[in-house]
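*Asks:* Fold the following, please.
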Amino acid sequence: MMLSLVQTSQNRRQELIRFINSLNNQIGIDFSLIQLIFIDQGNNKIVFNQLNPQIKFVYLQHKPCSLSVARNYGLQYIKGKYVAFPDDDCWYEPDTLKKVLEAFSEGHIGVIAKGTDEKGILTNDFPLERQYITLYNHCGAISYTMFFKYIPSLKFDENIGIGSPFKLSSGEETDYLMQVIYKNGANVIFDPSIIVHHPNFNSCNFKDNFVKQYEYARGWGYILKKHHYPFSVKCKSFIRPLCGILFGVLTFNFARIKHSSYLLIGRIEGYNFKAENNGKNKYNSSSL
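*Replies:* Numbering: from 1, shown residues only. The predicted structure is shown next:
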């Protein structure tokens, strides 16, 4: 029951060393049933000299590209029955993969872990209890917390994700997760006892957090439209930042005004983005 990990990075050697150490320190697993596929967009090969030699390692060099493009490149080399997409700056608890594989042995086609930072603070709005996700309730799933049964026909939408040429810098994991549900049903379990760590508030891929929030908002707007989210969710997504702007005006909170404005403008732009006009939407909703 092999698990393939698809990972990419440009220049985060120290973070990669931390991930490799956490992978080497996994307990209760057969390392020969772990495959690590690394798409190197920089010069990071040397750090993998520390990788447990039992792990099946595939090293791929690629010119700088978006996260979705890199992952799609790596997907061509999958050997495992299951797949996951660890970020270069995430790391595992010693029992993370053991618990994931145990959940798969129960018959689930997907497992969502809980994300926390180095202080144990949640990295998203994760529930307290173990439960199944639904099409529109993903229990806070983020790419580094997601583990799935591998479906060869599924690819990442290259319009979205970090490095998107259209500044649609989020939503690729949501899109992939929803494709899994379309294909195999909602037999995906969220288990808060499974932990994956990731730093909070990391804006190093962006000029600042305002730019990050704007581009993430564009990605979310794109996903709202592509996957036909319920009207109530769409309303909430646009009304909340509008209320934030109004509250900021009333309280003379200019940082709040700026933040909410970036969210609102980004979501509107992402929602109205015309994928069919750019000629690069290889994996649009018509293929689902």
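
*Asks:* List the contacts of the residue lying closest to residue 45 once chain neighbours are set aside.
*Replies:* Distances taken as C-beta to C-beta, 6 or more residues apart in numbering place residue 59 nearest to residue 45, at 6.1 Å, with adjacent residues excluded. C-beta coordinates here come from the backbone N, C-alpha and C atoms, glycine included. Taking C-beta atoms under 8 Å, 6 or more residues apart in numbering as the criterion, residue 59 is in contact with 38, 40, 45, 48.

*Asks:* Kindly list the main-chain dihedrals of the second one?
*Replies:* Residue 40 adopts backbone torsions of phi -90, psi 110, taken as degrees, to the nearest 10.

*Asks:* which residue packs closest to it, ignoring adjacent ones?
*Replies:* Residue nearest to residue 40 in three dimensions, not counting chain neighbours: residue 61, with 5.3 Å by C-beta to C-beta, 6+ apart.

*Asks:* ok, back up a step: what's the average pLDDT for the host helix or strand of the residue nearest to residue 45?
*Replies:* Assessed by DSSP states H and E, residue 59 sits inside strand 56-61. For strand 56-61, mean pLDDT is 98.

*Asks:* In that strand, which residues are buried?
*Replies:* Burial within strand 56-61, assessed by neighbour count using 16 or more other C-beta atoms under 10 Å, is assigned to 56, 58, 60.

*Asks:* Quick check: bridge partners of the last one?
*Replies:* So the one you mean is residue 60. Taking DSSP bridges, one obtains residue 39 as the residues bridged to residue 60.

*Asks:* what's the helix or strand for the residue in the chain sticking out farthest from the centre?
*Replies:* Ranked by distance from the centre of the chain (C-alpha atoms, centre = their mean), the top residue is residue 250, with 36.1 Å. For residue 250, the element it lies in under DSSP H and E is helix 231-251.

*Asks:* what's in contact with that helix?
*Replies:* The contact list for helix 231-251, computed with C-beta under 8 Å, 6+ apart, reads 136, 217, 220-221, 224, 253-257, 259-261, 263-264, 267-268, 271.

*Asks:* returning to that earlier point: does the residue nearest to residue 40 touch residue 43 like I think?
*Replies:* No. Checked against C-beta atoms under 8 Å, the pair residue 61 and residue 43 is beyond contact range at 9.2 Å.

*Asks:* ok, longest strand in this protein?
*Replies:* Under DSSP state E, the strand in the chain containing the largest number of residues is strand 188-197.

*Asks:* still on that earlier bit, report the separation between the residue nearest to residue 40 and residue 75.
*Replies:* 16 Å (C-beta to C-beta, to the nearest Å).

*Asks:* if you skip the residues just before and after it, what's nearest to residue 110?
*Replies:* residue 188 (3.2 Å).

*Asks:* wait, isn't that neighbour in contact with residue 133?
*Replies:* Yes. The criterion here is C-beta under 8 Å, and residue 188 meets it with residue 133 at 4.9 Å.

*Asks:* what is in contact with these two at once?
*Replies:* Between them, residue 188 and residue 133 share the neighbouring residues 110, 112, 177, 181, with contact defined by C-beta under 8 Å, 6+ apart.

*Asks:* The first one: how many residues sit nearby?
*Replies:* When neighbours are defined as other C-beta atoms under 10 Å, residue 110 has 24 of them.

*Asks:* mind listing what it touches?
*Replies:* Each residue near residue 110 by C-beta under 8 Å, 6+ apart is listed here: 133, 146-149, 177, 180, 184, 187-189.

*Asks:* Among the residues you listed, show me the least confident.
*Replies:* At the low end of pLDDT for these is residue 184, which has 91.

*Asks:* measure that one to residue 110 for me?
*Replies:* As for residue 184, its distance to residue 110 is 8 Å (criterion: C-beta to C-beta).

*Asks:* Quick check: neighbours shared by those two?
*Replies:* Among the neighbours of residue 184, those also in contact with residue 110 (C-beta under 8 Å, 6+ apart) are residue 149.

*Asks:* Give me the residue ranges of the chain where confidence is low.
*Replies:* By pLDDT under 70, the low-scoring segments of the chain are 202-204, 275-288.

*Asks:* dump the residue contacts of the residue positioned nearest the centre of it.
*Replies:* Centroid-nearest residue in the chain: residue 143, 2.1 Å away (criterion: C-alpha atoms, centre = their mean). For residue 143, the contacting residues are 85, 87, 172-173, 176, by C-beta under 8 Å, 6+ apart.
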